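Participant: sequence and computational prediction follow.
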Amino acid sequence: MATSTSRQQEAAPSSQLSSTPSTVRLTMAQAVVRYLSVQYSERDEQKHRLIPGIFGIFGHGNVCGLGQALEEYGSELPYYQPCNEQAMVHIAAGFAKATQRKQTLACSSSIGPGATNMMTGAATATVNRLPVLLLPSDYYATRHQGVVLQQLEHPISADVSVNDAFRPVSRFFDRINRPEQLLSALPEAMRVLTDPAETGAVTISLPQDIQAHAYDYPEHFFAERVWRIERRLPDPVRIDEATQLLKSAKRPLIIAGGGVHYSEAWDQLQAFAEAFGIPVSETFSGKGAMRNESPMALGGQGVEGTSAAGDISRDADVVVAVGTRLSDFTTGSQACFNNPEVNFIGINVAGHDAFKNGAIPILADARETLSSLHTSLKSADVRAHRAYADEIAGVRQKWAETLEKQAFTQVSGESMSQSQLVKTVNDAAQPGDSIVAAAGSPPGDLLKMWDATGDRPCYLEFGFSCMGFELPAGLGIRMSQPDGEVYVFIGDGTYLMNPTELVTAMQEGLKVTMVISDNHGYQIIKRLQEWRAGYSFGNEFRKRDLESGRLEGEYLPIDLAKNAESMGARTWHVDTPAALRSALDEARGESRSCAIVVEVEKHRYSPSAGVWWDVAPAEVSDRPATQETRQDYEQGRSKLQRFHY
């Protein structure tokens with residue numbers, strides 16, 4: 001599916017042809033289907049179907065419009081049936097992420113709650129700059145019917161519907177009130193979907209009645225069209241400025257973000273780092289940017305990163321931000337960089353990000369920029385500093401020893417730790433296997449500990465930290481990756497939010513292996529609460545205690561394995577690394593989806609990166625513990641946090 005470029009030009013029935021040979025009479029919904037079926041993306045002379053499929057849940061808002069169009073004209077636009085509207089957007093986002101944003105999927109919903117269910121998926125895609133095409137149905141544009149089912153009646157804005165809520169979470173929004181408006185709306189939607197700087201959720205709201213209205217569309221509107229994803233070249237003046245800054249640097253650092261993946265700049269990044277002795281840390285989206293083992297690889301950057309990256313960030317004098325928006329977790333709430341002379345170079349296709357922190361902005365493709373910088377630094381005779389290389393080796397070794405002693409060693413009297421879970425899955429992973437995570441402790445632990453070298457990519461969504469993203473995104477990744485295992489790593493809390501796409505997996509034969517860390521609650525938030533509030537409240541799956549009236553009684557006996565089994569998965573319940581490894585081996589041989597529930601120690605966490613994070617405790621409290629955490633917070637903020645401009 002991910003690389004198919006085959007198509008069949010489908011002639012309309014003669015009864016639908018207008019008297020003008022250059023037009024074809026179609027409903028608006030039929031025109032949408034035919035148009036999407038012939039859109040392609042192209043980069044580096046490789047062409048792909050831009051939107052090779054559509055997910056949708058039918059209701060009265062779309063079943064007779066888009067549903068009819070898909071049945072009659074959808075041979076080249078396969079239809080997939082999800083179990084939840086939010087989940088289908090996550091599937092599209094996972095597919096887009098795994099295809100380096102060269103492809104995505106369309107998502108159709110009925111009006112009202114079906115549409116608003118997609119809102120969280122839209123926000124997740126836009127925050128992470130992942131292209132998805134949303135086609136929510138809308139109320140009747142003609143208004144002949146009066147108030148229709150699920151219509152919002154706004155007292156002072158008669159043209160407002162619930163779909164207007166998509167506007168702030170979409171990179172492009174339009175409402176098609178006449179069928180001919182598609183002629184401008186659809187090309188603009190495709191432009192945004194394939195624009196490296198502007199991409200995200202694209203929402204085209206489709207009124208229920210207009211989906212069925214007909215128009216004489218120009219035949220050429222349905223001709224094959226290729227949307228080129230451009231590689232924007234860097235400004236030579238900015239390259240010179242960056243070269244001079246790096247030439248004077250003694251302690252440079254590269255922070256690799258998702259833009260490295262989307263530009264496919266992996267080889268250029270590693271060659272650049274190793275040639276000039278510049279260490280590389282990775283954001284959540286940039287995880288695995290260093291695809292091969294390297295003495296310059298520091299691992300994860302920021303709050304949930306490695307202590308190696310934290311130590312180097314602290315004293316860096318030049319930070320080269322490649323394809324990252326320098327978010328809160330990446331910068332430690334602007335507390336990571338403590339060198340008073342630190343300067344930044346921002347390599348990004350989006351000006352908004354390239355200029356952050358007063359950086360020298362290079363608005364260009366990451367691959368092309370790294371190649372240009374490499375040539376420029378070589379001409380300027382920039383060389384690696386031996387003492388710095390020794391320091392980098394030292395912090396890398398220190399982190400490796402920390403993991404071995406604090407994370408991977410079994411503690412007597414405890415269950416296996418989640419860190420041991422990660423290591424066991426990582427050791428079992430083979431070339432071509434992938435893993436995905438999004439919320440809670442799993443993405444942080446993978447950022448710290450997953451070794452993505454050897455073609456074992458790690459897909460982390462932490463821009464929006466959306467619980468429920470993981471399993472659907474795993475299906476999207478599977479749609480782009482026919483071979484190898486796709487591991488979906490989630491906590492028990494996330495699993496309970498959205499397990500139903502196991503049914504879609506069974507329906508479509510999309511095999512994923514879920515690894516469910518069962519620690520009986522939202523333990524990573526419990527840790528945060530104890531750190532910043534001084535106590536724990538409301539974060540574990542416990543019965544209500546009759547004396548205190550709070551949720552602090554016995555832990556709930558929830559059988560997640562039986563739940564997953566009821567939706568078609570083969571399941572295991574394990575509590576040791578050896579049992580987990582055995583289950584992973586058996587799951588590899590399965591053709592259906594699998595769920596391995598792993599009992600882990602509730603309050604054992606992975607080692608800290610030693611990076612500060614701005615989470616403010618209550619400024620006023622009668623609790624001594626909270627007063628103490630507030631004092632500690634204010635000291636950290638005054639000593640570490642700063643503005644860069």
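Facilitator: Perfect, thanks for sending it. Residues are numbered from 1 along each chain as shown.
Participant: and D174, what element?
Facilitator: strand 172-175 (DSSP states H and E).
Participant: just checking: what are the partner strands of that strand?
Facilitator: For strand 172-175, the paired strands and their directions (DSSP bridges) read strand 201-207 (parallel).
Participant: how does this structure divide into domains?
Facilitator: The chain breaks down into these domains under automatic domain parsing: 14-228, 239-399, 408-520+556-599.
Participant: adding mean neighbour count, write the ones you listed out as a markdown table.
Facilitator: Heads up, the C-betas are built off the backbone N, CA and C, glycines and all. Compiled in a markdown table, the domains of the chain are given as follows (neighbours: other C-beta atoms under 10 Å):
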| stretch | mean neighbour count |
| --- | --- |
| domain 14-228 | 21 |
| domain 239-399 | 21 |
| domain 408-520+556-599 | 21 |
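Participant: quick one, which of the ones you listed is nearest to G538?
Facilitator: Comparison of those against G538 by C-beta to C-beta identifies domain 408-520+556-599 as nearest, at 12.2 Å.
Participant: quick one: end-to-end length of that closest one, please.
Facilitator: Across its full length, domain 408-520+556-599 reaches 16 Å between end residues, using C-alpha to C-alpha, to the nearest Å.
Participant: contact partners of the strand holding D174?
Facilitator: 138, 163, 166-167, 181, 185, 188-189, 192, 202-205, 207 (C-beta atoms under 8 Å, 6 or more residues apart in numbering).
Participant: ok, of those, which one's closest to R291?
Facilitator: Each of the contacts of strand 172-175 was checked against R291 using C-beta to C-beta; the closest is V192, at 29.2 Å.
Participant: return the distance of that closest one relative to D174.
Facilitator: Spatial separation of V192 from D174 under the definition C-beta to C-beta, to the nearest Å is 11 Å.
Participant: and the next helix or strand past the host helix or strand of V24?
Facilitator: Secondary structure from DSSP H and E places V24 in strand 23-27. Downstream of strand 23-27, the next assigned helix or strand under DSSP H and E is helix 28-36.
Participant: alpha carbons of that following helix, as CSV, please.
Facilitator: Extracted in CSV, the C-alpha atoms of helix 28-36 (Å, rounded to 0.1, in the frame of the first residue of the first chain):
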residue,chain,number,x,y,z
MET,A,28,-19.6,16.7,-4.6
ALA,A,29,-18.8,13.5,-2.7
GLN,A,30,-18.1,11.6,-5.9
ALA,A,31,-15.7,14.4,-7.0
VAL,A,32,-13.9,14.1,-3.7
VAL,A,33,-13.3,10.4,-4.1
ARG,A,34,-12.2,10.7,-7.8
TYR,A,35,-9.9,13.6,-7.0
LEU,A,36,-8.2,11.9,-4.1
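Participant: the strand holding V24: how far from the chain's middle?
Facilitator: In terms of C-alpha atoms, centre = their mean, to the nearest Å, the centre of strand 23-27 is found 38 Å from the chain centre.
Participant: equivalent analysis for stretch 26-38, please.
Facilitator: Averaging C-alpha positions (C-alpha atoms, centre = their mean) puts stretch 26-38 29 Å from its chain's average.
Participant: likewise for stretch 339-347?
Facilitator: Distance of stretch 339-347 from its chain centroid, counting by C-alpha atoms, centre = their mean, is 27 Å.
Participant: OK, contacts around the spatially closest residue to A384 that is not a sequence neighbour?
Facilitator: When the adjacent residues along the chain are set aside, A384 lies closest to G277, with 2.5 Å between them (C-beta to C-beta, 6 or more residues apart in numbering). Applying C-beta under 8 Å, 6+ apart, we find G277 in contact with 296, 383-385, 388-389, 392.
Participant: now for those: which two are most distant?
Facilitator: Maximum pairwise distance in those, criterion C-beta to C-beta, is 15.0 Å, between R383 and I392.
Participant: re the thing from before, which pair in the contacts of strand 172-175 spans the largest distance?
Facilitator: Among the contacts of strand 172-175, the pair separated by the greatest distance (C-beta to C-beta) is V192 and P207, at 21.2 Å.
Participant: so how far is stretch 76-94 from its chain's centroid?
Facilitator: Averaged C-alpha coordinates place stretch 76-94 at 15 Å from its chain's average position (C-alpha atoms, centre = their mean).
Participant: pLDDT on it, on average?
Facilitator: Rounded to a whole number, the mean pLDDT of stretch 76-94 is 98.
Participant: go on, stretch 40-57?
Facilitator: 98.
Participant: cool, and stretch 349-368?
Facilitator: Taken as a whole, stretch 349-368 has an average pLDDT of 97.
Participant: contacting residues for the residue positioned nearest the centre of the chain?
Facilitator: The structure's the chain has its C-alpha centroid closest to E461; by C-alpha atoms, centre = their mean the separation is 3.4 Å. When contacts are counted by C-beta under 8 Å, 6+ apart, E461 touches 93, 97, 124, 128, 284, 436-439, 443, 469-470, 473.
Participant: could you dump those residues into CSV and include secondary structure and distance to A364?
Facilitator: Converted to CSV, the contacts of E461 look like this (DSSP: H, G, I helix; E, B strand; the rest coil; distance: C-beta to C-beta, whole Å):
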residue, secondary structure, distance to A364
A93, helix, 25
K97, helix, 22
T124, helix, 27
N128, coil, 21
F284, coil, 23
V436, strand, 29
A437, strand, 31
A438, coil, 30
A439, coil, 33
P443, helix, 29
F469, coil, 30
E470, helix, 33
A473, helix, 29
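Participant: save those as CSV, and put in distance to V503 too.
Facilitator: Output for those, formatted as CSV (distance: C-beta to C-beta, whole Å):
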residue, distance to V503
A93, 19
K97, 23
T124, 21
N128, 25
F284, 29
V436, 19
A437, 21
A438, 20
A439, 22
P443, 25
F469, 17
E470, 16
A473, 16
